[in-house]
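Colleague: Need coordinates for the below:
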Amino acid sequence: MGKSKGKYQPPKNGHANKGSPKIEAVEEKQLEQKELEPIFDLQWHSYIALGLFVSVYLKCTSASIPSGDAGDFIMAAQHFGVAHPPGYPLYVTAGYVWMKIMPFGNPAFKLNVLTSFIGGLAAFVVYLTTYKITKFIPSAVFASTVFGFSHLIWFHSVGAEIFSLNNLFCSLLLYWVVRFQQADVSNRARVAMEASFLSGLSMCNQHTSALFIVVIGGWMFLSLLKDKAITMQQFLHTGVAFGAALTPYIQLPVSAYFAKAPSTWGDQRTVAGIWKHVAREEYGSFRLTADDTITGDLFANMATYTSDLVHELTNITLVLCLLCVATAWFFPRIRTVVYVYVANIFVYMMFFCNQANIDHSRELMKGVLERFWMQSNIPVSILAGCGIWCLYSPIKGKCSSLGTVLYYGLGVGALIMGAYQIRENYTICDMSSNLIMRDYGRKLLDALPANGVLLVEGDMPSLTSRYLRYCENYRPDVDVVDQELIGFNWYKPMHKHNFRHYTFPYDREVYFKNVLARKGDNIPFSYNFQTVFDVHTQAGVPLYIYPFMKQGDDSYKQFYDLLPTNMLYEVRHKQNSYTVEEFLDIAYEQDYNFNDNMAYCDGSLYPVRSWEYVIAESCGHTAFFPAEHAHRMITIESNAYLQPKNLPILVRIFKLYKRAYDTLITKSEDGVIKNLFAADHNKNYGVICYLIYNNLAGSADRVEAGKYAKIMVEQWETYFVRIPKEDTDGLTPVIDDVYQKYPDIKTNQKYEM
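Modeller: Reported below is the predicted structural model:
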């Protein structure tokens, strides 16, 4: 498309001025050529870029259920259910159709493959957009490879997540900015209509795209008004195009009425229910969480984003982006597009950083937050590619021969940057052999007895176990119930038909009244966890908890114990509870070897903020549960551990601690120990050693007491290193006393256990 020669003047009286037949034929031919101009002008190098991104992503596609929210999307797509707010109907519907068509693979792999294709297309559109702006291959190569092979983009393009589809729509909207700007004024209304349709489709996925739509749509509308290039009819058609693109939301009520999916979220059988879901009222609407106690910190979030931007896209990308913005005024060809992109980045960052109420003190929450930086990284990458063209263009204009050398030099440099991104991120983004989530879910379900019910708390335990149960039909004899979801007033009417053994306490639809109930719920009557436990215990249904009970409801504690068995907690009435000796007999028979999972999650491969690392730590918690439970049983009476008769019990508890500790540590060649569990377990392990040491203090066997004292000191010192804080537990004086009594405790081999 050529540049506009001036403002478009609509023909008077609805028709053009009559002229000679030859002139009219020429004008009609020119108009026809403009109308037939393709949306994407693909060149030979474009196909290479597309093949590169799609093939690499497919090579790294996760073989089973990935981390994050993937389990929710897979379950929704498999059963045509409704995903968590706002429902993501376009992704779910496309996934449902795709999973019916694809002839091989488990449900997770099928949706992962679709996501990889979508992610490859998103990076490809970044390539096309940059090339359409600059007509300079090195710019397109740089922008697309820096973006497409960055950790965040790559990682979320190989597993079933909605971010790759959002990246595709946002990159397409940015492409349409260039298409609009380069179009003849007479065709811009049609281009705006196309962009409006794209905008509607993008709103059927992730709502953060609205921040791009506001800027781009506003700019297009004002440009059309300024050039008098849109009629009222065209304006109405543009609105109709946006509305027509929202039709995928029909999936929500259709699913609610007919699908009866075991994974559906919410009740969309009414207009109010649809709006509640689409508006994310249960999630906090414009915020990331519904926690009103945490507010968005604009400056902290901006600092986090800047740091993440440099980490993801490199310093070079940031410098080139700033160069493009600073020099765009001198290049009329790209000036308007650059400023529109800058406006997109500014509006997105100001709004999102102000609304993102995430707790930065938790590494995992930082990982949740950084996923939303991908959208702004799209225009940043394109602007960086344009920055390369801004370097090249003046030199090429002044010295053709030097420009040719620079062209190839910049091309090689762009390829090197792409190779650098691949080298840095390939290992962590290659999910093709990552089966951690699948194995984790299987361990949970395998720990259940026949016809049992598992009450899970937390995203990963819930999504992995429910995916395996309701998508792969793994352990079809058991029920998996999410403790978080049963607090919603829609849970019973939408899920009561999905369970074989889990029983709602009453025939009426009644809901949890305490912290499990949501603000604004109309609660005519309530029950609590004690009621749930009563119903299933009386019916003889085995009931288990993982990894803990939801906080806020302690009603069950008066009558029930939670006993660690394998990875789970067994719900057991106090009348039928075990003595500490009986419990220890059971605990010694259990298998807590989690090395298969731990090998991938020691912090060297997956970062601390990843779900894989969290799963590793969760398994570490589980391994210590039996020892710590027995520990609590023996110390209910403050002086019970001082009784000599309890020394053998203390030693047995110590052996449980030691087994868990030895299983969950790794020692490098230089002797550095990695603790693959939370620091509190170091502290508790030291406490049991202290109890034995204190019990042996009056005995004649000084060496035996020293062995336990040595482990106690090591564990407590490790605890202080891992969690630097003031000693409020009085551990330091005990350590000092041991060093006075055993000055050679660290060097003398006789104190080795």
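Colleague: Please make it C-alpha for all contacts and neighbour counts, starting now.
Modeller: Noted.
Colleague: Can you tell me how far residue 536 is from residue 502?
Modeller: 8 Å (CA to CA, to the nearest Å).
Colleague: More neighbours: which of the two?
Modeller: residue 502 (23 against 20; other CA atoms under 10 Å).
Colleague: Surely the more buried one is in contact with residue 482?
Modeller: No - in this structure residue 502 lies outside contact range of residue 482 using CA atoms under 8 Å: 11.4 Å.
Colleague: Next, give phi and psi for the nearest residue to residue 430 once chain neighbours are set aside.
Modeller: Distances taken as CA to CA, 6 or more residues apart in numbering place residue 60 nearest to residue 430, at 4.4 Å, with adjacent residues excluded. With angles defined as degrees, to the nearest 10, residue 60 sits at phi -100, psi 0.
Colleague: who touches residue 60 in this structure?
Modeller: Applying CA atoms under 8 Å, 6 or more residues apart in numbering, we find residue 60 in contact with 158, 429, 430, 431, 432.
Colleague: could I get those as TSV with distance to residue 674, pLDDT and neighbour count?
Modeller: Listed next are these as TSV, based on distance: CA to CA, whole Å; pLDDT from 0 to 100; neighbours: other CA atoms under 10 Å:
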residue	distance to residue 674	pLDDT	neighbour count
158	30	96	33
429	23	93	26
430	24	94	19
431	24	93	22
432	26	93	17
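Colleague: in the stretch 251-400 of the chain, which spans are helices?
Modeller: 251-254, 271-278, 298-327, 332-355, 363-370, 374-398, 400-429 (DSSP state H, counting those that start in this stretch).
Colleague: Pull the distance from stretch 646-658 to the chain's centre.
Modeller: Its chain's C-alpha centre and that of stretch 646-658 lie 41 Å apart, by CA atoms, centre = their mean, to the nearest Å.
Colleague: Could you list the single helix or strand in the protein with the lowest mean pLDDT?
Modeller: Within the chain, no helix or strand scores below helix 21-36, which has a mean of 45 by mean pLDDT, DSSP states H and E.
Colleague: Distance from the very next helix or strand once past that one to the middle of the chain?
Modeller: The first helix or strand that comes after helix 21-36 along the chain, using DSSP states H and E, is helix 44-59. Taking CA atoms, centre = their mean, one finds helix 44-59 lying 25 Å from the centre of the chain it belongs to.
Colleague: Would you mind pulling up the elements that the next helix or strand after helix 44-59 packs against?
Modeller: The C-terminal neighbour of helix 44-59 among helices and strands, as given by DSSP H and E, is helix 70-79. Applying 3 or more CA pairs under 8 Å, 6 or more residues apart in numbering; DSSP states H and E, we find helix 70-79 packed against helix 89-101, helix 107-134, helix 459-470.
Colleague: nearest to residue 342, of the ones you listed?
Modeller: Ranking the helices and strands packed on helix 70-79 by proximity to residue 342 (CA to CA) places helix 107-134 first, at 14.8 Å.
Colleague: Output the below-cut-off pLDDT ranges for the stretch 1-150 of the chain.
Modeller: The model of the stretch 1-150 of the chain has pLDDT under 70 over residues 1-37.
Colleague: run the last query once more with 90
Modeller: Within the stretch 1-150 of the chain, the segments meeting pLDDT under 90 span 1-42, 68.
Colleague: outside of the helix or strand containing residue 703, which residues touch it?
Modeller: According to DSSP H and E, residue 703 maps onto helix 702-722. Residues from elsewhere that reach helix 702-722 (CA under 8 Å, 6+ apart): 679-680, 682-683, 685-687, 689-690, 692-693, 696-697, 731, 735, 738, 742, 745-746, 750-753.
Colleague: Among the residues you listed, which are located in helices?
Modeller: Judged by DSSP state H, these include 679-680, 682-683, 685-687, 689-690, 692-693, 696, 731, 735, 738 as members of helices.
Colleague: separation between residue 112 and residue 171?
Modeller: Counting by CA to CA - residue 112 and residue 171 are separated by 21 Å.
Colleague: same check, this time on residue 572
Modeller: Taking CA to CA, one finds residue 572 at 55 Å from residue 171.
Colleague: Of these two, which one has the most company?
Modeller: Taking other CA under 10 Å, residue 572 and residue 171 do not tie; residue 171 has more neighbours (25 against 19).
Colleague: these two touch, right, the more buried one and residue 376?
Modeller: No - with contact defined as CA under 8 Å, residue 171 does not count as touching residue 376 (10.1 Å).
Colleague: residues of stretch 447-458 that come out buried?
Modeller: Using 16 or more other CA atoms under 10 Å as the test for burial, stretch 447-458 gives 447, 448, 451, 452, 453, 454, 455, 456, 457.
Colleague: Next: stretch 651-663.
Modeller: Buried residues in stretch 651-663 (16+ other CA under 10 Å): 652, 653, 654, 656, 657, 658, 659, 660, 661, 663.
Colleague: got it, and stretch 540-554?
Modeller: So, applying 16+ other CA under 10 Å, buried residues of stretch 540-554: 541, 542, 543, 544, 545, 546, 547, 549, 550, 553.
Colleague: from those residues, which ones fall inside strands?
Modeller: Judged by DSSP state E, those include 543, 544, 545, 546 as members of strands.
Colleague: Which residue in those has the weakest pLDDT?
Modeller: Within those, pLDDT reaches its minimum at residue 546, with 92.
Colleague: so that residue sits right up against residue 459, yeah?
Modeller: No - counting by CA under 8 Å, residue 546 sits too far from residue 459 to count as a contact (11.5 Å).
Colleague: rewinding a little: nearest to residue 142, of the buried residues of stretch 447-458?
Modeller: Nearest to residue 142 out of these is residue 457 (CA to CA; 43.6 Å).
Colleague: For the nearest residue to that closest one once chain neighbours are set aside, list the residues it contacts.
Modeller: Take residue 457 and drop its neighbours on the chain: the residue closest to it by CA to CA, 6+ apart is residue 483, 5.4 Å away. Residue 483 sits next to 455, 456, 457, 549, 550 when contact means CA under 8 Å, 6+ apart.
Colleague: give me that answer again for 6 Å
Modeller: Contacts for residue 483 (CA atoms under 6 Å, 6 or more residues apart in numbering) come out as 455, 456, 457.
Colleague: do residue 686 as well
Modeller: With contact taken as CA under 6 Å, 6+ apart, residue 686 is in contact with 712, 715, 716.
Colleague: any idea how far residue 631 lies from residue 692?
Modeller: 12 Å.
Colleague: These two - which one has more neighbours?
Modeller: Comparing residue 631 with residue 692 by other CA under 10 Å, the one with more neighbours is residue 692, at 25 against 22.
Colleague: And that one, how close does it get to residue 646?
Modeller: Remark: distance between residue 692 and residue 646 (CA to CA) = 10 Å.
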